[in-house]
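S.K.: Fold the stuff below for me.
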Amino acid sequence: MNCTECSSFLVCRSLGECGAYGFDKPSVTAEYREKDIQSVIQAASRLVDSGRGGTLNRLQEIIEYSLDRKFRRIGLAYCWSMDEEAAVIAGLIRDAGLQVSAVSCTVGGVAQDETNSESRIHKVACNPLGQAAQLNAEGVDLVVAVGLCLGHDMLLAGRADAPTTTLVVKDRTSGHAPLVAIREMAKEKVLV
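M.R.: Purely as a prediction, here's the structure:
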């Protein structure tokens, strides 16, 4: 399936059947009735469907979502290269009345040759599994990823007990705004 090349005139956007065969629509819609999924969907809907869509930045959305869901302890899993930004983000979340546990990717001082069996580098490594373990131990209600490397973000999300969302995606070439780089690539048709 490739929705970017739809030949059905985006019939799905007017509740029409589009030919998706990878899932059973009645089964999927039944899943949406589950209590835990309903709490996510309803809180997200309150951010968008009430006319507020496009009026809040991503951090404001995370704060509003957390308050709506009665989350009180937010975990920041951040890259050490964003220490300053993480401190600002943590302060803004605290200003909203929430608690913050901010955990750097270098937590625990684990060496690269201890995390990567192919590495011979005995210097500090990023430790997304340690970040997840620390945030799990602290019982955070929501994990917010800030600038983690590709792959490390996946390990964090896979091991965190709490729901995980991303605030900042690492893209060193574009000031951490991947769409800037994507638009440039599209203009120039530049591929790796």
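S.K.: check which helix or strand covers residue 143.
M.R.: Using DSSP states H and E, residue 143 falls within strand 142-146.
S.K.: Next, the residues that contact that strand from outside, please.
M.R.: Outside of strand 142-146, the residues that reach it under the criterion CB atoms under 8 Å, 6 or more residues apart in numbering are 62, 65-66, 69, 71, 74-79, 82, 85-86, 89, 132, 135, 153, 156-157, 160, 162-168. Bear in mind the C-beta positions are built from the backbone N, C-alpha and C, glycine included.
S.K.: So what are the sheet partners of it and their directions?
M.R.: As defined by DSSP bridges, the strand partners of strand 142-146 come to strand 73-78 (parallel), strand 164-168 (parallel).
S.K.: Local confidence estimate at the closest residue to residue 139 other than its chain neighbours?
M.R.: In space, residue 139 comes closest to residue 73 once its chain neighbours are excluded; the distance is 6.5 Å by CB to CB, 6 or more residues apart in numbering. If you check residue 73, the pLDDT there is 98.
S.K.: Pretty sure residue 73 sits against residue 97.
M.R.: No - assessed by CB atoms under 8 Å, residue 73 is found out of contact with residue 97, at 11.7 Å.
S.K.: Neighbour count for those two, which is higher?
M.R.: When residue 73 and residue 97 are compared for neighbours, residue 73 comes out ahead with 16 against 10, by other CB atoms under 10 Å.
S.K.: From the contact counts, what lies against the helix or strand bottoming out on mean pLDDT in the chain?
M.R.: Every helix and strand of the chain was ranked by mean pLDDT, DSSP states H and E. The lowest is helix 178-188, at a mean of 87. Secondary-structure packing of helix 178-188 (3 or more CB pairs under 8 Å, 6 or more residues apart in numbering; DSSP states H and E): no helix or strand packs against it.
S.K.: let's number from 46 now, not from 1
M.R.: Yes, from this point I'll number from 46; that puts the last item at helix 223-233.
S.K.: Helices of this protein, residue ranges please.
M.R.: 70-76, 80-93, 103-113, 128-140, 157-160, 173-182, 197-204, 223-233 (DSSP state H).
S.K.: mind checking which of the ones you listed is nearest residue 167?
M.R.: helix 157-160 (5.3 Å; CB to CB).
S.K.: so how far is the closest one off the chain centroid?
M.R.: Here helix 157-160 shows a centroid-to-chain-centroid distance of 25 Å under the convention CA atoms, centre = their mean, to the nearest Å.
S.K.: Show me which residues of stretch 110-120 are buried.
M.R.: If you call a residue buried by 16 or more other CB atoms under 10 Å, then stretch 110-120 has these buried ones: 110, 111, 114, 116, 118, 119, 120.
S.K.: out of the contacts of strand 187-191, which are buried?
M.R.: Looks like those have 107, 110-111, 114, 116, 119-124, 127, 130-131, 134, 177, 180, 198, 201-202, 205, 207-209, 211-213 buried, using 16+ other CB under 10 Å.
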